[in-house]
Every structure is written in C-alpha cells, then in structure tokens.
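Student: When you get a sec, could you give me coordinates for this:
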Amino acid sequence: MIRVKVEVKKISNSYNPIIPITIPNIEEVKDFANQLHEIGKEWKGEFSGWQAEYNPEKKELPIDSKMTFTPADFCIGESGIWFFSLMWEKGKDAEPVEFLDDSNITLI
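Tutor: The predicted model follows:
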C-alpha cells in the first residue's frame, strides 16, 4: 500500500479539498487480476479497500464495435481519484492492455 494525497476537484468553485488516501501496489493489483483471469469467472468485490470487478471473455460481439468477441477486463478504483484497468483486447492468452488514471495523485 502506498499513502498518497488526492485533490477532489469540482466540489465548489472556490475549494478543492486535498485528502490522504491509500492505494494498492500496482504489481499486487496485476497479480490479483491475473489470478481472476486464470479462474475465468465473473467477480465483483473489494480489493485493498477499493471496489473492483473482473469480467471474463465472451463470444458475444460488443455493441458498436468491430471486435469479434467481448474481451476479458478487470478494473479497480474510482474514476477521477485513482483508477486502474486491464483489458485482454487481443484474446485471453495475450498480454492485457493497461490503463492507469492517477493524474490527481500526489505522493506524500
């Protein structure tokens, strides 16, 4: 776990509070996501105090997409505060694409 501060934006026109939070080590998150991916079953819950979910690959076509399947994905966090996701866009046996939104994070 890493202690950081985050600025909560757009609370009001004149005040954006900065609050301390704890975020998980990204390698631990990846390990957890990969364990879920190996099991291959839908999961929703909490990891290191953050809401998270995993959805396995599906044969159904995604809406409004040229993809030939719906890729497996994992996400954790809260958009605008701290958020991390993995998506197995090239198939369940390929390396996932990573996305990290930590733009509001300041290390303590």
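
Student: Every contact and neighbour count from this point should use C-alpha atoms.
Tutor: OK.

Student: Wait, residue 18 touches residue 8, no?
Tutor: Yes. Assessed by Cα atoms under 8 Å, residue 18 is found in contact with residue 8 at 6.2 Å.

Student: residues contacting the closest residue to residue 96 other than its chain neighbours?
Tutor: Spatially, and ignoring its direct neighbours in sequence, residue 96 is nearest to residue 88 (4.2 Å; Cα to Cα, 6 or more residues apart in numbering). By Cα atoms under 8 Å, 6 or more residues apart in numbering, residue 88 lies in contact with 71, 72, 73, 94, 95, 96, 97.

Student: Among these, which one sits closest to residue 52?
Tutor: The closest of the contacts of residue 88 to residue 52 turns out to be residue 73 (Cα to Cα; 10.7 Å).

Student: I'd like to check what contacts the worst-scoring helix or strand of the chain on mean pLDDT. Which residues are they?
Tutor: One helix or strand of the chain scores below all others by mean pLDDT, DSSP states H and E: strand 105-107, with a mean of 79. Residues outside strand 105-107 that contact it (Cα under 8 Å, 6+ apart): 3, 4, 5, 6, 7, 81, 82.

Student: how distant is it from the center of its chain?
Tutor: Here the centre of strand 105-107 is set off from its chain's centre by 17 Å, with Cα atoms, centre = their mean, to the nearest Å.

Student: Strand partners (parallel or antiparallel) of it?
Tutor: Note on strand 105-107: by DSSP bridges, its sheet partners are strand 2-7 (antiparallel).

Student: So for the partner strand, what gets flagged as buried?
Tutor: The neighbour-count check on strand 2-7 (16 or more other Cα atoms under 10 Å) flags 5, 6, 7 as buried.

Student: Can you name the residues in contact with that strand?
Tutor: Residues from elsewhere that reach strand 2-7 (Cα under 8 Å, 6+ apart): 16-25, 81, 104-108.

Student: Can you tell me which of the buried residues of strand 2-7 is nearest residue 57?
Tutor: Among the buried residues of strand 2-7, and counting by Cα to Cα, the member closest to residue 57 is residue 6, at 33.2 Å.
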